[in-house]
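> A structural model of the following input is requested.
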Amino acid sequence: WDGLGSVTKNTNPIFRFVHASDIEFLNCTVQNSFNAHHLEMGGIKGLSILGCTFSDYSQDKASLKKEAVQLDICNNSSIMPGCEVYDDARCQNVLIKNNTFTELYRAIGTHSAVVGKYMSNITISDNFFSDIKGKAIGMYNYKNCNIVHNTFVDCSEAIDFRSVSMSDSYGKNFYAPADGSKVKAQPLTANLVIADNVIRKDRMSGHDTGGAMIRVFGTHVRTSYTSNGKTIVPAGDYSIKNVVIERNRVSGKAAGIILNDVKNATLRNNIIYECDKHGLQITENSTVTLKGTNKIYSNEKNGISCGSSKLKLQGSTKIYRNGATGLYIYKSKNADIRKLITYSNGGAGITLTGTSSAVIKNPSVRGNKHYGIIAEKKSKLKLEGGTVAKNAESGVFAAEQADVSLRSGVKIEQNKGAGVSVSSG
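Okay, the predicted model is just below:
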């Protein structure tokens, strides 16, 4: 199917289905939409898109940024015009597999939602995404999702999963329930798995400036958002729970992975490399555990940046050749760091700052271009075992009322500065 959008300037979706069930698109080619979706699906229960190709999107309004496959909620006429009934029907039981998405602004997703009304049981697997100017996959208010075995090449962002909007822009994405009922703030138990994906760095011009190649975003909404006298997004907890990110290979112009207010997140056996920002960024009261063998290297900023969150490193995590600090922890309590290997970073191997606290057991901190380990600004460090060696400054540097405890078995040797340096400033 050729929508001929670039010729006719027809702004209707090429296909549109609403309030339907058990739909299959098999081995189809759908191309050339203008200011519109290739497939627009509202309130579909049971949707399979298998072996298809979606390509060629054009627009004349910079704000549109339409998805090729739009999974939507039947809430009102502005987002799903022409429905006989607006009942907040969502897409459920969706399989999108073995497809190609290319030369698009966005490939798959949603940018309309109602608090407490979730898309569910969505599997996106074994697809190929290329030349995507914006987000390849964008999800608002989803749960029970598997995003696995996909390849992303020259995409501004690969996967963006959110419980609410960022930057308080709720009016662009959230609506009051169609039945007029009241909504309440609640955490999203996502049961989200992102696994075995390959994300290659976007090397094309004319694409959006990405924030993260993989982003999972929850938050605490401080002030309720209201419209026309109705509370659309009540103040409260919109954290995301139960996330597994494993065996992915991630590179990009943006940060590799950002987790914001994500509880019970497990990262296992990922490779994050050559990102233009931090490799892994953890913020806003997240609780994150790294297991297995994660490798984070050659990113322009910190390998891992952890702020106002709780971090555990288990198994074997290697952080090396990053442009700034290997592991940077700020305003974070009770970090539990075990068997970390961090070397050849442009800054320190490990930094604790902003009243952070951490127990670090059996690390290898070698050959960093600044101090091996920094504890500063009233942070508390307990170092048990391990080696801190051959760093360009002192092995361990304590400053600004830091509390540092070195237990037996720690080897601090062959650093260019002192083994341990303490500053009263």
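
> where are the low-confidence patches of this structure?
Counting by pLDDT under 70, the chain shows low-confidence ranges at 425.

> repeat the analysis, applying 90 as the threshold.
Where the chain drops to pLDDT under 90, the residues are 5-6, 61-64, 81-84, 111, 165-173, 228, 407-408, 424-425.

> just the CA trace of stretch 348-362, in CSV.
The C-alpha coordinates for stretch 348-362 follow below in CSV (Å, rounded to 0.1, in the frame of the first residue of the first chain):
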residue,chain,number,x,y,z
ALA,A,348,38.7,9.5,38.9
GLY,A,349,37.9,5.9,39.1
ILE,A,350,35.2,6.4,41.7
THR,A,351,33.8,9.7,43.2
LEU,A,352,31.5,10.0,46.2
THR,A,353,30.1,13.5,46.7
GLY,A,354,27.2,15.4,48.2
THR,A,355,26.8,13.5,51.5
SER,A,356,26.7,10.1,49.7
SER,A,357,27.7,6.9,51.5
ALA,A,358,29.0,3.6,50.1
VAL,A,359,30.6,0.3,51.0
ILE,A,360,33.1,-0.7,48.3
LYS,A,361,34.4,-4.2,48.5
ASN,A,362,37.3,-5.7,46.5
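
> report the separation between the closest residue to Thr325 other than its chain neighbours and Gly5.
Distance criterion CB to CB, 6 or more residues apart in numbering; nearest residue to Thr325, sequence neighbours excluded, is Gly347 at 4.0 Å. C-beta coordinates here come from the backbone N, C-alpha and C atoms, glycine included. To Gly5, Gly347 is 49 Å away according to CB to CB, to the nearest Å.

> now do the strands in the stretch 51-200 of the chain.
53-58, 67-72, 92-97, 100-104, 106-109, 119-125, 128-140, 142-148, 151-162, 188-195, 198-199 (DSSP state E, counting those that start in this stretch).

> with distance to Asn173 as added columns, please give these in JSON lines.
Listed next are the strands of the stretch 51-200 of the chain as JSON lines, based on distance: least, CB to CB, whole Å:
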{"stretch": "strand 53-58", "distance to Asn173": "20"}
{"stretch": "strand 67-72", "distance to Asn173": "12"}
{"stretch": "strand 92-97", "distance to Asn173": "20"}
{"stretch": "strand 100-104", "distance to Asn173": "20"}
{"stretch": "strand 106-109", "distance to Asn173": "11"}
{"stretch": "strand 119-125", "distance to Asn173": "13"}
{"stretch": "strand 128-140", "distance to Asn173": "6"}
{"stretch": "strand 142-148", "distance to Asn173": "13"}
{"stretch": "strand 151-162", "distance to Asn173": "9"}
{"stretch": "strand 188-195", "distance to Asn173": "14"}
{"stretch": "strand 198-199", "distance to Asn173": "24"}
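
> relative to Thr266, which of the ones you listed is closest?
strand 188-195 (10.0 Å; CB to CB).

> the inter-axis angle of the closest one versus strand 151-162?
170 degrees (axes from the mean of the first three to the mean of the last three CA atoms, to 10 degrees).

> which helices and strands does strand 188-195 pack with?
Judged by 3 or more CB pairs under 8 Å, 6 or more residues apart in numbering; DSSP states H and E, the packing partners of strand 188-195 are strand 142-148, strand 151-162, strand 212-217, strand 240-246.

> quick one: strands adjacent to it?
strand 142-148 (parallel), strand 240-246 (parallel) (DSSP bridges).

> so how far is the first one from its chain's centroid?
When distances are taken as CA atoms, centre = their mean, to the nearest Å, strand 142-148 is centred 13 Å away from the chain's centroid.

> neighbouring contacts of that strand?
The contact list for strand 142-148 (CB atoms under 8 Å, 6 or more residues apart in numbering) reads 110, 118-126, 137, 139, 159, 161, 188-197.

> try it again with 6 Å
118-125, 159, 190-196 (CB atoms under 6 Å, 6 or more residues apart in numbering).

> do stretch 404-424 as well
375, 381-385, 387-399.

> and it, what's buried?
For stretch 404-424, the buried set under the neighbour-count rule, 16 or more other CB atoms under 10 Å, comprises Val404, Val410, Ile412, Asn415, Gly417, Gly419, Val420, Ser421.
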